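> the following block contains a protein sequence and its predicted model.
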Amino acid sequence: MSNTLVMLTHVPTDAVRHRHFIQPDLPAYPADIVECDVFNPIAAVDSLAHMSPLAGVFSNSDHLQTVKALAAANFGLPGKDWRSLST
């Protein structure tokens, strides 16, 4: 089983094209697109719990840095200390 990389995102942007990834036969087609309240760390962790083993949690939004850091800490992944971040 390979390790999973996760991107937390809130809105479609050029950097993270949600609709792009729902097209079949794309080389970068993700294994899953999971909807959750990305501003709620408990919802994010619950949604990621079935995706083990996780290799990393990323975000392209400053507003999600704390949730991302909490999720990474929950799964024992390296990252910023969530206590030093604010949204």
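Thanks, I have the structure now.
> show me what contacts residue 61?
8-10 (CB atoms under 8 Å, 6 or more residues apart in numbering). In short, each C-beta sits where N, CA and C put it, glycine included.
> scan this protein for its longest helix.
Counting by DSSP state H, the longest helix found in the chain is helix 65-74.
> send the alpha carbons of that one over as PDB?
Below are the C-alpha coordinates for helix 65-74, written out as PDB (Å, rounded to 0.1, in the frame of the first residue of the first chain):
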ATOM      1  CA  GLN A  65      -2.900  26.300   8.200                       C
ATOM      2  CA  THR A  66      -4.100  25.500  11.800                       C
ATOM      3  CA  VAL A  67      -6.400  22.700  10.600                       C
ATOM      4  CA  LYS A  68      -3.600  21.300   8.500                       C
ATOM      5  CA  ALA A  69      -1.200  21.400  11.400                       C
ATOM      6  CA  LEU A  70      -3.600  19.800  13.700                       C
ATOM      7  CA  ALA A  71      -4.400  17.000  11.200                       C
ATOM      8  CA  ALA A  72      -0.700  16.400  10.600                       C
ATOM      9  CA  ALA A  73       0.000  16.300  14.400                       C
ATOM     10  CA  ASN A  74      -2.900  13.900  14.900                       C
END
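> figure out how far it is from the centre of its chain.
Chain-centre distance of helix 65-74: 9 Å, with CA atoms, centre = their mean, to the nearest Å.
> separate out the buried members of the contacts of residue 61.
The neighbour count (16 or more other CB atoms under 10 Å) marks 8-9 as buried among those.
> could you dump the contacts of residue 61 to JSON lines with secondary structure, distance to residue 64 and pLDDT?
Output for the contacts of residue 61, formatted as JSON lines (DSSP: H, G, I helix; E, B strand; the rest coil; distance: CB to CB, whole Å; pLDDT from 0 to 100):
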{"residue": "8", "secondary structure": "strand", "distance to residue 64": "5", "pLDDT": "87"}
{"residue": "9", "secondary structure": "coil", "distance to residue 64": "7", "pLDDT": "85"}
{"residue": "10", "secondary structure": "coil", "distance to residue 64": "7", "pLDDT": "86"}
